[in-house]
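[1] Return a 3D structure for these sequence lines:
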Amino acid sequence: TFEKYADAGYFVKLPDYLTTKLCRDLANSFYYTIPKDAKTDGAYGIYLNDSYIISQTIGSSDPPVLGILVNSKYKENAIHFIEYLFNY
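    Numbering: from 1, shown residues only. Prediction:
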């Protein structure tokens, strides 16, 4: 489901909003895709299975992915939530 919305361009590129340190530390958790209107791939989501908080609650299903919506008024809150989930 996330892939469908990411390919449609509903999410921002995370490196455009996250700090360099956070991007470097979480690079292995990024979800990469190429939206239809983009020319190159980018990190539009982040897998949450490496988050201590989330890993305690998810089962063996597909790992959850978090993205920030393009039209969100609260992108800053989403960034803080990612920092919280990964203990930054």
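[2] State the number of residues packed around residue 51.
    Neighbours of residue 51 under the rule other CB atoms under 10 Å: 22. Just so you know, the C-beta spots here come from the backbone N, C-alpha and C atoms, and that holds for glycine as well.
[3] likewise the one 10 residues further on?
    As a burial measure, the neighbour count of residue 61 was computed by other CB under 10 Å and equals 6.
[4] Please settle this for me: is it part of a strand?
    No: per DSSP: H, G, I helix; E, B strand; the rest coil, residue 61 lies outside any strand segment and is coil.
[5] For it, report the pLDDT, please.
    On pLDDT, residue 61 comes in at 70.
[6] and what of residue 50?
    pLDDT, residue 50: 82.
[7] pretty sure it contacts residue 87?
    No: the pair residue 50 / residue 87 is not scored as a contact, 10.5 Å apart, by CB atoms under 8 Å.
[8] ranges for the strands of the chain?
    Taking DSSP state E as the criterion, the chain carries its strands at 30-33, 42-47, 65-66.
[9] quick one: contacts of stretch 42-51?
    In this structure, residues lying in contact with stretch 42-51 by CB atoms under 8 Å, 6 or more residues apart in numbering are 2, 6, 11-15, 23, 26-35, 54-55, 58, 63-67, 82, 85-86.
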